[in-house]
Every structure is written in structure tokens, then in C-alpha cells.
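1. Got a sequence here, can you build the structure:
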Amino acid sequence: MAIDPDYLLSMPPIVTRQVLTPRDTILYALGVGATELDFLFEERLKALPTMAVTLGYPGFIWRDPALGANWQKILHGEQSTILHAPLPVEGEVVGSTVIEALYDKGADKGALAMVTREIHDGAGTHLATSRSMTFLRGDGGFGGSAEGAPVPHTIPDRAPDDAVTLTTATNLAQIYRLSGDLNPLHIDPDVARAGGFEAPILHGLATYGVIGRALLAARCGNDPARLKRIDGRFSAPVYPGETIETSIWDEEGGKLAFRARVVERDKIVFTNGYAETA
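-> Numbers count the residues shown, from 1 in each chain. The predicted structure follows:
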């Protein structure tokens, strides 16, 4: 069964209501390796900005047979998160998710799906916009165009201004999945091998959260309210237990370019990074 672009693009929004608890907020922080008490202790709790990617999340929608995708070969290609207001640590959250665009790279190259989720609190305050580019590796050639995909941010051709190195625990994917992304690619060795990996890989959004922690510490004094946007491309998987080094380039007006690599394999895993800070 092949994907039907007309069906996917005309689907009504998937509305997901979530009752967020301090336990959820702490569990997310643990799932991206946080150790700071402000993100782990309920008496002084703050939400990491990258937690927005889990709020109002409808789950791994691509496993639904009605969507027609080869879900075993799906990867998270890009992620953009814009913070419109500080994230709550508890309360009602509503996510409205749509497949905004599809890009056909060809039968042998796969396809891209832009999935956008607008996130509000129970009172209607617009908290965040989460926009992901999903790489449908087994679903290209449906007859669409590859034109119009977002242009990635350029990394400066000079040495970085800073670098932050953070380790990941060997069980980090097992913890992160408890924030809602239950794709078995990240826990089942058989599914990982079927997808072309030697072992279960870390969720792309867990890598994204680790990078967000690096930016928050290096340029925001660990104040979540100061990180306003974080975009970029996943260029290679991370295996739990590996070390992620985030290189940062300062740009004008509190803007940042960044890139991350796995130290052990000297492999770039996230690139064309762009962030905005206050």
C-alpha cells in the first residue's frame, strides 16, 4: 500500500488533549539527561523548552495503516520549535496536528512530510509551534514534487565560538520513550535491524533535547524563558551511551548557529542548527 498524498493533506487536524503533571515534566527532563534540580525537583520545577515537542503529541501516527506509510523505514529528518510563551509544568495542554506538506524525492530516495502541531494550554494561550520534517525512506515516487521544502540554516565557515559536551546514558531511549514516542525502533533490536541499524537508536527528539540543554546552559544561563526557537536537521543517528558535542556560533541579535557530533565516532548527527535567544 502506497501513501495517498491527497488523503494525507486533507486529513482533519488530530486534536490531542493532555493533562500535564509535574511527573511528566520531570520524566521528560530525565529522558534528555538533565541533572539540574530546576528541571527535576517539583518544589522549584521549570520545564525545558524542548519539552514542547512532547506536548499534545498524538503518538507515532505513521504506524496507522490508514496512512499507508512504510513505518519501519521512517526517520525524523528536521525539527523546528518556536516558543510563544513559557511552558507550564502542569495543567491541560491541547495539540492540533496536521500534515502540512509532502515532498517527493523519488522512488529510490523517499519522501518528506512536514507535520505541524500548534500547542495551546487549557485557557487558549498559544504555547508553541512544533514543525517536524519526517523522512519517509520507503515512500517516495508517489508523483509529487520535491520543490518548496524549507531551506536549511547555513553554518558559518569559521571556528565555533563555544562547544558543550554532554554524555548520554545507555538507557536514555528507554526513558525518553515514556514521554510518548513509542516507536519500537528505539527499543526493539529486531525492528532496529529491519530499519537498517545495528541496534536501537536514540530518538531524534531525545538528541534534540540534549542539544537544547547545551544551548540553554551555554547561552541562556539555564533560564528556559530565554530560549525562543531551535531548528535543525538530523543527519545521523545517535546510539544510547554516546557523547554529544554541540558546537555554537554566535550571530547577531541573540541568534545562534549550531551543529552536533558524536565524539566516539566523530560523526555529525545534527546540522544546520538555528536558535533564537533573549
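2. Now do the same contact list for residue 108.
-> Going by CB atoms under 8 Å, 6 or more residues apart in numbering, residue 108 touches 140, 141. Where C-beta positions appear, they are placed from N, C-alpha and C, glycine not excepted.
3. Confirm that it lies within a strand, as I assumed.
-> No: looking at residue 108 with DSSP: H, G, I helix; E, B strand; the rest coil, it is coil, so not inside a strand.
4. State the distance from it to residue 58.
-> The gap separating residue 108 from residue 58 is 30 Å, by CB to CB, to the nearest Å.
5. do the same with residue 85
-> Distance from residue 85 to residue 58, by CB to CB: 21 Å.
6. cool, residue 215 as well?
-> As judged by CB to CB, residue 215 and residue 58 stand 27 Å apart.
7. Am I right that residue 135 is in contact with residue 70?
-> No: taking CB atoms under 8 Å as the definition, residue 135 is not a contact partner of residue 70, at 11.4 Å.
8. which of those two has more neighbours?
-> Counted by other CB atoms under 10 Å, residue 135 and residue 70 do not tie: residue 135 has more neighbours, with 23 against 16.
9. which SSE is the more buried one in?
-> For residue 135, the host element (DSSP states H and E) is strand 126-136.
10. For that strand, enumerate the helices and strands it packs against.
-> For strand 126-136, the packing partners by 3 or more CB pairs under 8 Å, 6 or more residues apart in numbering; DSSP states H and E come out as strand 74-83, strand 110-121.
11. those strands in the chain, which residues are they?
-> For the chain, strands defined by DSSP state E occupy the ranges 14-20, 74-83, 91-106, 110-121, 126-136, 162-167, 227-234, 243-250, 255-262, 267-277.
12. want to throw the ones you listed into JSON lines with mean pLDDT?
-> As requested, the strands of the chain are exported to JSON lines (pLDDT from 0 to 100):
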{"stretch": "strand 14-20", "mean pLDDT": "97"}
{"stretch": "strand 74-83", "mean pLDDT": "92"}
{"stretch": "strand 91-106", "mean pLDDT": "95"}
{"stretch": "strand 110-121", "mean pLDDT": "96"}
{"stretch": "strand 126-136", "mean pLDDT": "96"}
{"stretch": "strand 162-167", "mean pLDDT": "98"}
{"stretch": "strand 227-234", "mean pLDDT": "97"}
{"stretch": "strand 243-250", "mean pLDDT": "98"}
{"stretch": "strand 255-262", "mean pLDDT": "98"}
{"stretch": "strand 267-277", "mean pLDDT": "98"}
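13. So which of those strands is the most surrounded?
-> Highest mean neighbour count among the strands of the chain (mean count of other CB atoms under 10 Å): strand 255-262, with a mean of 23.
14. how far off strand 267-277 does that one point, in degrees?
-> Regarding strand 255-262 and strand 267-277, their directions subtend 160 degrees when assessed with axes from the mean of the first three to the mean of the last three CA atoms, to 10 degrees.
15. quick one: strands adjacent to strand 255-262?
-> Note on strand 255-262: by DSSP bridges, its sheet partners are strand 243-250 (antiparallel), strand 267-277 (antiparallel).
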